[in-house]
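# here is a sequence together with a model predicted from it:
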Amino acid sequence: MPNRDLFRQIQSLQREARLSEINKPKPAPKREEYVKKESLDAVRDSLQNTIDYLESVIEEVKTQKKFEQPIVIQRSVNIPVSIEQGGTGATTVAQALINLGLDSILDTITTKTANYTATSNDDVILCDATAGGFTITLPACSGISGKRYIIKKIDSSSNVVVVDGNASETIDGALTKNLQYQYKAITVYTDGSNWYITG
């Protein structure tokens, strides 16, 4: 039968076409695909090398820190260290407080009723002369430049409170200053040689 033969020929041709398509060699990958893969591999290798290097550096630092000894700098207590170098620029507590501007943050207040020599720890000295007059002697100016004292008479008696500089040191050019009246006060500062009234 002619139709059946024709149908068989068509089926045969279709099979051959399918086999031909299956056996057809695949085209080689494009050059761009190779280049892209090689670039990614290079970046990955570079990153891995960097990570390995950083890990080795971290381990080295840890090892050094483990055996590192602190550096101790010893200084003589009699050698002042400047404020710029982290010191106070002073060899005494009083001078250190003055240099750092801390001497007037919290004033020390004391009340006296008899002769008394001020110390570096004093700031405000209240004088009660009810029982009789007396003298407040200021300390030697040397080594306490910038030190301040406030001295005030608080009683209503006529007894006099005398403020006296150490030895020949003066207060505004005079050896002594008198507080004769109630609530009379003076504020004195030293320049390291003498005393000066500022209030």
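Perfect, I can see it now.
# SS state for Ile51?
With DSSP: H, G, I helix; E, B strand; the rest coil as the basis, the three-state label of Ile51 is helix.
# any idea how far it lies from Ala140?
Distance from Ile51 to Ala140, counting by C-beta to C-beta, to the nearest Å: 69 Å. All C-beta spots, glycine's among them, are computed from the backbone N, C-alpha and C.
# what lies in contact with stretch 127-137?
111-118, 125, 151-155, 157, 159-166, 176, 179 (C-beta atoms under 8 Å, 6 or more residues apart in numbering).
# looking at these, which are in strands?
Among those, the members falling in strands are 111-112, 116-117, 125, 151-153, 161-164, 176, 179 (criterion: DSSP state E).
# looks like Asp172 contacts Thr198 (just checking).
No. Using C-beta atoms under 8 Å, Asp172 is not in contact with Thr198; the gap is 9.7 Å.
# what residues are shared contacts of the two?
Counting by C-beta under 8 Å, 6+ apart, nothing touches both Asp172 and Thr198.
# on that earlier part again, which two of the ones in strands among the contacts of stretch 127-137 have the greatest separation?
Thr111 and Thr176 (20.9 Å; C-beta to C-beta).
# shaky segments in this structure?
1-40, 43, 62-88, 94, 102-106 (pLDDT under 70).
# hang on, isn't Tyr149 packed against Thr119?
No. Judged on C-beta under 8 Å, Tyr149 makes no contact with Thr119 at a distance of 10.2 Å.
# ok, these two, which is more surrounded?
Tyr149 (20 against 10; other C-beta atoms under 10 Å).
# look up the residues forming beta bridges with the more buried one.
Val188 (DSSP bridges).
# could I get the contacting residues of it?
Ala118, Asp122, Asp123, Val124, Ile125, Leu138, Thr187, Val188.
# separate out the buried members of the residues you listed.
Among these, those buried by neighbour count (16 or more other C-beta atoms under 10 Å) are Ala118, Asp122, Asp123, Val124, Ile125, Leu138, Val188.
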